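**Q** Mind looking at a prediction? Sequence and model below.
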Amino acid sequence: MVAPLLQVSGLGKRFGGLQALSDVSLSVAPGEILGLIGPNGAGKTTLFSTLVGLHRPDSGTIRLDGRDLVGLKPHRIAAAGMVKTFQNVALFLDSTVLDNVLTGGLMRHAIPEASELAERCLERVGIGAIAGKLARDLSFPERARVEVARALCTEPRVLLLDEAMAALNHAEMDAFMDLLRQLREEGLTLVVVEHHMRAIMALCDRLVVLNFGQMIATGTPAEIARDPAVIEAYLGRSAA
Amino acid sequence: MAVVQAILDGLMIGGVYAVISIGLTLVFGVMGIVNFAQAEFLMLGMFVAYYAWAWLGLDPLLAAPLAFAVVFLLGAALQHMLIRRVLKAPEVAQIFLTVGLLIVLENAALLMFGSGFRSVSTPYQTSSLQLGPLFVSVPYLAAFAMSVASGLALWLFLKSSWFGRAMRATAQDPMAARLMGIDADRMHMLAFALGVGLTAFGGAVILPYLTASPTVGTQFAVLMFTVVVLGGLGSVAGAVVGGLAVGIIQSLSALVFPIQLQNLVLFVVFIAVLAFRPKGLLGAAR
Amino acid sequence: MSAPSLRQAAGLALLAALAIALPFAFEPRGYGIRILCLALLFAAMAQAWNIVAGLANQISLGHAAFFGIGAYTSTLLLIHFGLTPWLGMMAAAVLGGLAALLISLPTMRLRGHYFALATLAFGEVMRVIGNSWGGLTGGPVGISVPYAKPSLGLMQFADTRASYWLMLGALVVVTVIFVAIKENADAAEVIGVDTTRTKIVAAVISGALTAALGTLYAQFQFFFDPDTVFGVASISVRMAMIAIVGGIGTAAGPILGAFFVIPLEEIANQVFSAQAAGLSQLVFGVLLILVILVEPRGFMAIGPRIRRLLRREER
């Protein structure tokens, strides 16, 4: 059994009267692709935001390689190697695609190296052709991909992807999943939030299911598909 | 011909106005707040240069980098202790924090330096060069040259340095910048310190042809705001364009109006720009 | 208007009685009562400012423009036409309201910082005009309000207590208007009325009231100059600061603020002014910064905040 790379224990977060997360625990092994699923409002984005330091949890620990990240500012957590992408995409709109991705590399490199790294990341994600375009002028799927490229440029150890495939068609999704598998081969660990069930089932090694801020199930995709609690949580929702 | 002379003078003064105001626009661009106390840092720069001249015999133009450095450090401290705390506060808090800072700085200067006017005397103070039928005042020219140099330095810094890029990222989206590993708080501090430092630099280079007093800030405040609003709040290039424009407007209106009314034209222009084109000539994203 | 409870009404009545009777505890022409008058006047001014800040949610740094317009209007009408300041005050209010309309129409839609800048510039415009149009205003030297004999008709009093009651009346009027507008604004938002228009209306009323108060100031001080009545620090920022210290958007805030700031200012002037010019102002700058950092909602928020702190400790 390999020691987990990311270990979350008893994470709780309250906003005013709403308990957004309660007692969430999960662990991710190095090189694993973990899927995080649950109905809308289950707390998936809140969990991601808390993991990267945008919110401070009320309780619990977040250990990356044994080191507790709770209380650290987001830029330190990024430096430690955990980075997330935004569901709504948060690019630097007045900068070019290359500049956006380059910014990711600034954390560890001077501009020349960051620039090279950025170009490589653009190629990996398959958007080298639009390197010179202004982020403001991109379509939503293009922006989502720049977001991923930028996150890659930070050379993370754990990448949290928040619905990165939302705007992709089936062919693009397959290509994207291949990319993720390749990245995993190269040593990256992934936690993925997706609503496309097909993608989740095909891609992930394990799944964690959230509902109302609590973990209701965890296991392999096959186990989760049969879990009655999960089925109930999703009752009435169509699987993609 | 008087008009051409006025335009020439206006351009040179305008270059200085640009440098003085760049700091204001930089702070707004990166942090989203208008620093109502910005002109007080001009006053501080003038005093640093004045005392460098009085005690060390340094020409104000040479003391300008010193003024920059001193005020840079002061600015960093003020940003960290005060400004940082209102970045997420409602606008009324932001406005009145810097207004309060304005009051504190001006009156602290009054206490420390007394209300008297101070001027330096430099060997070139009254000389001018002749360009055909036109006269170029040497102090104006020197101030202009220093301003251009510092403006260029800033431009290079913002465009190609690591810090410049990090600041630009922070300006566009502080949260995304943080997630990319950029310490947005430190970038804010840098932007503010740089901004007020540059304004102080500007104050030093104009000392040869102006007098320093604790209240000199109020003379320049609305002028600086006019420059940045005209050029577009947040745009450094806009501050340059705005500065030159304001210099020329002021210079030309001096031909027509008596001295008390000269700034009136400026204020009216200011309000007109705010009313009809608040984004300014080179309007930035904000 | 929502009817006050019996207890509130009784409390207000008691407060009113005290306020009216207070001057009798002071020397009729003494220093103490002058301070009270100034406090009342600035409370009224801060309340007028409060109408724009608290209700239209825009920060004006240029209300001195209206104040100065008021002071000069009534004084010039008195000097040149012998017009009683009571009518002069009406004229002042009209001009003040017009000026407010003039500056609000193009700027009310602007975001906070921009609006503040525009009003700051407007105040400065008036100050520059005041200083340079010597023929009209007497220029930077200032202008004296002619004083013949004590006369209610000419709004001039030997007994400062009369001024007190006048200022008290003004404060009450402005406060009532503030409360009325507040009720209206809340209702308007619920119904969905065009808020920019209501904001402009609020600004016009605020400008008119501030100008009228300028008249009262002129008739109290009997002398003023452009730098004082159009001054950013002396009038615009001071009015705003009083409202902020007391609590923006509340009816009691400006009153609390004025009765804290004005007497404090006087004490500071007495204690410090001999040694150093600028020290009392410095103290006020520091006070403003502290208020912003510690409790930006002013005194009015301190009570509830202490209560919340106590409640939290109980848990």
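**A** Yep, that arrived.

**Q** From now on I want contacts and neighbour counts done on CA atoms only, so please keep to that.
**A** Noted.

**Q** check contacts around the residue nearest the centre of chain C.
**A** Central residue of chain C (Cα atoms, centre = their mean): C:Met45, 0.9 Å from the mean position. C:Met45 is in contact with C:209-210, C:213, C:239, counting by Cα atoms under 8 Å, 6 or more residues apart in numbering or on different chains.

**Q** any idea which helix or strand comes after the helix or strand hosting it?
**A** Using DSSP states H and E, C:Met45 falls within helix C:31-50. Using DSSP H and E, the helix or strand that follows helix C:31-50 in sequence is helix C:64-81.

**Q** Which other helices and strands does that following helix contact?
**A** Judged by 3 or more Cα pairs under 8 Å, 6 or more residues apart in numbering or on different chains; DSSP states H and E, the packing partners of helix C:64-81 are helix C:85-107, helix C:112-132, helix C:195-221, helix C:226-229.

**Q** in that helix, what counts as buried?
**A** Within helix C:64-81, the residues scored as buried using 16 or more other Cα atoms under 10 Å in any protein chain shown are C:64-78.

**Q** hmm, back to that, pipe the helices and strands packed on helix C:64-81 into TSV and attach distance to chain B, mean neighbour count and mean pLDDT per row.
**A** Shown next, in TSV, are the helices and strands packed on helix C:64-81 (distance: least, Cα to the nearest Cα, whole Å; neighbours: other Cα atoms under 10 Å in any protein chain shown; pLDDT from 0 to 100):
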stretch	distance to chain B	mean neighbour count	mean pLDDT
helix C:85-107	5	22	93
helix C:112-132	6	24	89
helix C:195-221	14	25	92
helix C:226-229	12	24	91
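
**Q** Quick check: the gap between B:Ile206 and B:Ser127.
**A** 15 Å (Cα to Cα, to the nearest Å).

**Q** before we move on, what about B:Ala93?
**A** 47 Å.

**Q** So between those two, which is more surrounded?
**A** The residue with more neighbours, out of B:Ala93 and B:Ser127, is B:Ala93; 23 against 12, by other Cα atoms under 10 Å in any protein chain shown.

**Q** Look up the closest residue to the more buried one, ignoring the ones flanking it.
**A** What sits nearest to B:Ala93 in space, not counting adjacent residues and going by Cα to Cα, 6 or more residues apart in numbering or on different chains, is C:Ile292, at 5.8 Å.

**Q** For that neighbour, grab the count of nearby residues.
**A** 25.

**Q** So which bits of the helix or strand hosting it are buried?
**A** Secondary structure from DSSP H and E places C:Ile292 in helix C:279-294. Using 16+ other Cα under 10 Å as the burial criterion, the residues of helix C:279-294 that qualify are C:279-293.

**Q** any residues touching it, and which ones?
**A** Residues contacting helix C:279-294 (Cα under 8 Å, 6+ apart): B:82, B:85-86, B:93, B:96-97, B:100-105, B:107-108, B:111, C:241, C:245, C:265, C:268-269, C:272-273, C:298.

**Q** for stretch B:162-175, which positions count as buried?
**A** B:162-175.

**Q** Over to stretch C:27-35?
**A** C:28, C:33-35.

**Q** gap between the two ends of that stretch?
**A** 12 Å.

**Q** can you list the residues of chain A near chain B?
**A** Taking Cα under 8 Å from any Cα of the partner chain as the contact definition, chain A meets chain B at A:52, A:74-79, A:83-84, A:90-94, A:103-107, A:110-111, A:151, A:154.

**Q** related to what we said a few turns ago, name the nearest of the buried residues of stretch B:162-175 relative to chain C.
**A** B:Ala171 (17.2 Å; Cα to the nearest Cα).

**Q** backbone phi and psi for A:Asn40, please?
**A** phi -60, psi 140 (degrees, to the nearest 10).

**Q** again with A:Thr61
**A** phi -130, psi 160.

**Q** again, but for A:Gly81
**A** Torsion angles, degrees, to the nearest 10, at A:Gly81: phi 120, psi 10.

**Q** tell me the SS of the residue lying closest to it once chain neighbours are set aside?
**A** Once flanking residues are discounted, A:Gly81 sits nearest to A:Pro156: 4.4 Å by Cα to Cα, 6+ apart. Recorded secondary structure, A:Pro156: coil (DSSP: H, G, I helix; E, B strand; the rest coil).

**Q** about what we covered before: centre of the chain to the helix holding C:Met45, how far?
**A** Mean-position distance between helix C:31-50 and its chain equals 7 Å (Cα atoms, centre = their mean, to the nearest Å).

**Q** May I see the buried residues of that helix?
**A** C:33-50.

**Q** Which single residue of chain B ends up nearest chain A?
**A** Closest point on chain B to chain A, by Cα to the nearest Cα, is B:Gly181, at 4.0 Å.
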